[in-house]
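Trainee: okay, here's the prediction I keep looking at, along with the sequence it came from:
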Amino acid sequence: MTELHKTGAAVGEPVATSVPPTAFLEVRDLKVHFPTDDGLVKSVDGLSFQLEKGKTLGIVGESGSGKSVTSLGILGLHTAGQYGRRKAQLSGEIWLNGTELLTAPADEVRKLRGREMAMIFQDPLSALHPYYSIGQQITEAYRVHHKVDKKTARKRAIEMLDRVGIPQPDKRVDSYPHEFSGGMRQRAMIAMALVNNPELLIADEPTTALDVTVQAQILDLIRDLQKEFGSAVIMITHDLGVVAEMADELLVMYGGRCVERGTAEKVFYEPEHPYTWGLLGSMPRIDREQTDRLVPVKGSPPSLINLPQGCAFNPRCPYADVPKDQITRRERPELREVAPGHFTACHMSQEERTRIWTEEIAPTL
Ligand SMILES: Nc1ncnc2c1ncn2[C@@H]1O[C@H](COP(=O)(O)OP(=O)(O)OP(=O)(O)O)[C@@H](O)[C@H]1O
Ligand code: SF4
Ligand SMILES: [Mg+2]
């Protein structure tokens, strides 16, 4: 039995019984739960999506909505014991290029990690080791998956540093992480993530710690590299604005679940869910005064141990009373297809949503 088998056992053995998908990445009903002294934290609770090679999926949601837990789940990084005594419980299916990762042996997943899938973290210092030079780390990441000598791997590291825009890469290859600026470290981490041409790249808030100019450069870089390598990219962020332009599809998460999913154009220009409306209202805009810029969605994120009954967004939703029969407090809205490829989980009728969006929300944005 593999580590992931063991961690998945308590939610129900993740058995890949269904037909393998045709999509490059397909996540089906993914659940990642953490047993704690206070109860079971349902960080991800039934997430499904597909992603093709060459495409970008943006995952958006406020802090604590389950974005990072989802990405670590895909990469097989919720291994037993990683969070102390308690094990993460995973269930559902994660198909990558025909392999179901939750039931695959741990060493197979380890091999795929780095070679076929890689991650760019928010904080490069958490991914880069302080005692090894940047070059040693990229070289090592390459040699784990390629049987080449050190010289060839070093050449490849220099090439990658050059590719991500590090000046004088043949010299900087011997620098240590602390000798790089924040933006340069982020670039070095991207170089390390891409050294094996992974087919799936997960970028988890890759630019939040950086200033606006460097942010834009890093996003451009990821976009260019994606075009060059044809990889599938999952871009995770708090900020709808960051992904609206570069993503093909958007998935909005609230309390560990998906509340809206569709093409970036639909979700950005014709959003259907009141939480997505709130996120759009909180986007920074250049035509507004600094003071009116960030209006966060009012209220606090839900407890992931006791999600509100019915619609989890209900306590914060300004339209909670629109579905008059109070159904929102009793029944959880399922994700429904409201237009081809556009899904939302809200009890309001399509007419009500369209009216509120066009008359009340869109004019204020
Ligand atoms: N090992 C763990 N044990 C218990 N709870 C956890 C564990 N790891 C994550 N969580 C909880 O799961 C929830 C989702 O966490 P996650 O890191 O995915 O949020 P996020 O959407 O990435 O937020 P942020 O935008 O702040 O990065 C949080 O409430 C977090 O406290
Ligand atoms: S179901 Fe009700 S409470 Fe939930 S988002 Fe829709 S209108 Fe708001
Ligand atoms: Mg996170």
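Mentor: Arrived safely. Ligands and ions are numbered 1, 2, ... in the order given.

Trainee: I'd like to know how many residues surround Glu359.
Mentor: 9 (other C-beta atoms under 10 Å). (Each C-beta comes from the backbone N, C-alpha and C, glycine too.)

Trainee: quick check, it in a helix?
Mentor: Yes - looking at Glu359 with DSSP: H, G, I helix; E, B strand; the rest coil, it is inside a helix.

Trainee: residue of the stretch 251-365 of the chain nearest ligand 3, please.
Mentor: Nearest residue of the stretch 251-365 of the chain to ligand 3 (C-beta to the ion) works out as Met253 at 10.6 Å.

Trainee: hmm, Ser63 and that residue touching each other?
Mentor: No - assessed by C-beta atoms under 8 Å, Met253 is found out of contact with Ser63, at 11.1 Å.

Trainee: who has more neighbours, those two?
Mentor: Taking other C-beta under 10 Å, Met253 and Ser63 do not tie; Met253 has more neighbours (23 against 8).

Trainee: any idea what that one is bridged to?
Mentor: Met253 has these beta-bridge partners by DSSP bridges: Cys258.

Trainee: contact partners for it?
Mentor: Residues in contact with Met253 (C-beta atoms under 8 Å, 6 or more residues apart in numbering) are Leu47, Ile59, Val60, Gly61, Ser65, Gly66, Lys67, Thr70, Val259.

Trainee: ok, now how distant is it from Ser126?
Mentor: Going from Met253 to Ser126 by C-beta to C-beta, to the nearest Å gives 22 Å.

Trainee: what comes up buried for the helix ranked longest in the chain?
Mentor: Longest helix of the chain, by residue count under DSSP state H: helix 212-229. Within helix 212-229, the residues that count as buried by 16 or more other C-beta atoms under 10 Å are Val214, Gln215, Gln217, Ile218, Leu219, Leu221, Ile222, Leu225, Gln226.

Trainee: do the same with stretch 230-247
Mentor: Buried residues in stretch 230-247, counting neighbours by 16+ other C-beta under 10 Å, are found at 231-244, 246-247.

Trainee: and of these, the nearest to ligand 3?
Mentor: Here the nearest of these to ligand 3, counting by C-beta to the ion, is Ile236; it sits at 6.7 Å.

Trainee: so who does that closest one touch?
Mentor: Contacts of Ile236 (C-beta under 8 Å, 6+ apart): Gly58, Ile59, Val60, Lys67, Ser68, Ser71, Ile202, Ala203, Asp204, Glu205.

Trainee: got a markdown table for the residues you listed, with distance to ligand 1 and secondary structure too?
Mentor: Listed next are the contacts of Ile236 as a markdown table, based on distance: C-beta to the nearest ligand atom, whole Å; DSSP: H, G, I helix; E, B strand; the rest coil:
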| residue | distance to ligand 1 | secondary structure |
| --- | --- | --- |
| Gly58 | 13 | strand |
| Ile59 | 8 | strand |
| Val60 | 10 | strand |
| Lys67 | 3 | helix |
| Ser68 | 3 | helix |
| Ser71 | 8 | helix |
| Ile202 | 12 | strand |
| Ala203 | 13 | strand |
| Asp204 | 7 | strand |
| Glu205 | 6 | coil |
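
Trainee: so can I have CSV of the residues you listed showing distance to Leu304 and neighbour count?
Mentor: Listed next are the contacts of Ile236 as CSV, based on distance: C-beta to C-beta, whole Å; neighbours: other C-beta atoms under 10 Å:
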residue, distance to Leu304, neighbour count
Gly58, 22, 26
Ile59, 17, 27
Val60, 18, 27
Lys67, 13, 24
Ser68, 13, 21
Ser71, 17, 19
Ile202, 21, 25
Ala203, 24, 27
Asp204, 18, 20
Glu205, 19, 18
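
Trainee: and which of those residues is nearest to Phe313?
Mentor: Val60 (14.4 Å; C-beta to C-beta).

Trainee: show me what contacts that closest one?
Mentor: Val60 makes contacts with Lys67, Ile236, Thr237, His238, Asp239, Leu240, Val243, Leu250, Leu251, Val252, Met253, Leu279, as judged by C-beta under 8 Å, 6+ apart.

Trainee: rerun that using 10 Å as the cut-off
Mentor: Val60 sits next to 67, 235-244, 247, 250-254, 260, 267, 275-276, 279 when contact means C-beta atoms under 10 Å, 6 or more residues apart in numbering.

Trainee: do Glu270 as well
Mentor: Gly262, Thr263, Val338, Ala339, His342, Arg353, Thr354, Trp357, Thr358, Ala362.

Trainee: out of those residues, which are inside helices?
Mentor: Judged by DSSP H, these include Arg353, Thr354 as members of helices.

Trainee: for the contacts of Glu270, which single residue is the most surrounded?
Mentor: Within the contacts of Glu270, most neighbours by other C-beta under 10 Å means Gly262, with 24 neighbours.

Trainee: what sits opposite the closest residue to that residue other than its chain neighbours in the beta ladder?
Mentor: Distances taken as C-beta to C-beta, 6 or more residues apart in numbering put His342 closest to Gly262, at 3.5 Å, once the chain neighbours are dropped. With DSSP bridges as the criterion, His342 is bridged to Ala339.
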